[in-house]
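Novice: need a 3D model of the following:
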Amino acid sequence: MRDFLTANYHTHTVRCRHAYDPEREYIETAIKMGIKKLGFSDHIPCPFTDGYVSGIRMTMEQAPEYVATIRTLADEYKDDIKIFVGFEAEYIPAFHEKQMAMFRKLGCDYLIMGQHFLNSEETGPYTGTPTEDESRIREYADSVIEGMKTGHFKYLAHPDLINYQGPDSVYDWEMTRLCKALKEMDIPLEINILGISENKHYPTEKFWRIPAEIGNKVILGLDAHCAKQLANVECYKKAVELADKYNLNLIDELPGM
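Specialist: Below you'll find the predicted structure:
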């Protein structure tokens, strides 16, 4: 096992209102840790039309400054590290077209999917809320699969965020359906290291035994919300141990990035 990961594509900034530290500190920490490729993927803004202001993501108006800041730093540090800029996004059909128009206009590099909500945070529900509602996990799987079919997302962040507490048979059926669909599309699944460090309900072994059987590609994501989380060796090792336990098809980097 190597000492630490060489690429991390899951990094947030202060613009999401629940992350800390300036971008430069993230970058310099990544360089010290031997990370060769660092992707900033802050939460994508949503084009709300009713005046709603999110407390967990930047506004549409902040997006150009976000991209410009990362691009400037990428050029400054180009001899030390390769830096990408993109977004972590839910697939929300009502917003997706406008979000993609913004993405293309700003010349972003990539999207990862983090399906935190089945709609948006304005209407919910949060997919990490414990539930025994079978329709909730089915809708989660449907939304992820539909979104991935657009071809716009590089991988699925914390696929085990859905916190279904009903029968294991239902969980296994829906997550198997999801994993098989993403395997066919050659889309990796993320073991989320922040979840390990903060003792969240994910990563959960009841999920990871499923892609172990199906053979999905798996990538590690720090999901860093502060610079020190780019140096979380202890939880990185726990993520690798999970991958080793189930003999997961672990990849180091995203193809083409």
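Novice: per-residue confidence at W208?
Specialist: Looking at W208, its pLDDT is 98.
Novice: show me what contacts it?
Specialist: With contacts defined as CB atoms under 8 Å, 6 or more residues apart in numbering, W208 is in contact with 160, 191, 242, 246, 248. Using the backbone N, CA and C atoms, a C-beta is placed for each residue, glycine as well.
Novice: for it, pull up the helix or strand it's in.
Specialist: helix 205-214 (DSSP states H and E).
Novice: buried residues in that helix?
Specialist: By neighbour count with 16 or more other CB atoms under 10 Å, helix 205-214 contains the buried residues 207-208, 210-212, 214.
Novice: any idea how far the residue nearest to the spatial centre of the chain lies from S41?
Specialist: Centroid check for the chain by CA atoms, centre = their mean gives A157 as the closest residue, at 3.2 Å. Taking CB to CB, to the nearest Å as the measure, A157 and S41 are separated by 8 Å.
Novice: for L189, same thing?
Specialist: 16 Å.
Novice: just to revisit the earlier point, tell me which of the contacts of W208 is nearest to I81?
Specialist: Closest to I81 out of the contacts of W208 is I191 (22.4 Å), distances taken as CB to CB.
Novice: using CSV, write out every CA atom in the longest helix along the chain.
Specialist: Ranked by residue count, the top helix of the chain under DSSP state H comes out as helix 168-184. The C-alpha trace of helix 168-184 is given here as CSV (Å, rounded to 0.1, in the frame of the first residue of the first chain):
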residue,chain,number,x,y,z
ASP,A,168,-31.8,-5.8,3.6
SER,A,169,-33.4,-7.5,0.6
VAL,A,170,-34.7,-4.1,-0.6
TYR,A,171,-31.4,-2.4,0.0
ASP,A,172,-29.5,-5.2,-1.9
TRP,A,173,-31.9,-5.1,-4.8
GLU,A,174,-31.7,-1.4,-5.4
MET,A,175,-28.0,-1.0,-4.8
THR,A,176,-27.3,-4.0,-7.0
ARG,A,177,-29.4,-2.3,-9.7
LEU,A,178,-27.4,0.9,-9.3
CYS,A,179,-24.0,-0.8,-9.3
LYS,A,180,-24.8,-2.9,-12.4
ALA,A,181,-25.9,0.2,-14.3
LEU,A,182,-22.8,2.1,-13.4
LYS,A,183,-20.6,-0.8,-14.2
GLU,A,184,-22.1,-0.9,-17.7
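Novice: angle of that helix against helix 205-214?
Specialist: Helix 168-184 and helix 205-214 meet at an angle of 40 degrees, taking axes from the mean of the first three to the mean of the last three CA atoms, to 10 degrees as the criterion.
Novice: using PDB, write out every CA atom in stretch 11-18.
Specialist: Extracted in PDB, the C-alpha atoms of stretch 11-18 (Å, rounded to 0.1, in the frame of the first residue of the first chain):
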ATOM      1  CA  THR A  11     -12.300  19.200  -2.600                       C
ATOM      2  CA  HIS A  12     -14.600  22.000  -1.400                       C
ATOM      3  CA  THR A  13     -14.100  25.700  -0.800                       C
ATOM      4  CA  VAL A  14     -15.400  28.300   1.600                       C
ATOM      5  CA  ARG A  15     -18.100  29.300  -0.900                       C
ATOM      6  CA  CYS A  16     -20.200  26.300   0.100                       C
ATOM      7  CA  ARG A  17     -20.500  27.900   3.600                       C
ATOM      8  CA  HIS A  18     -19.500  24.700   5.400                       C
END
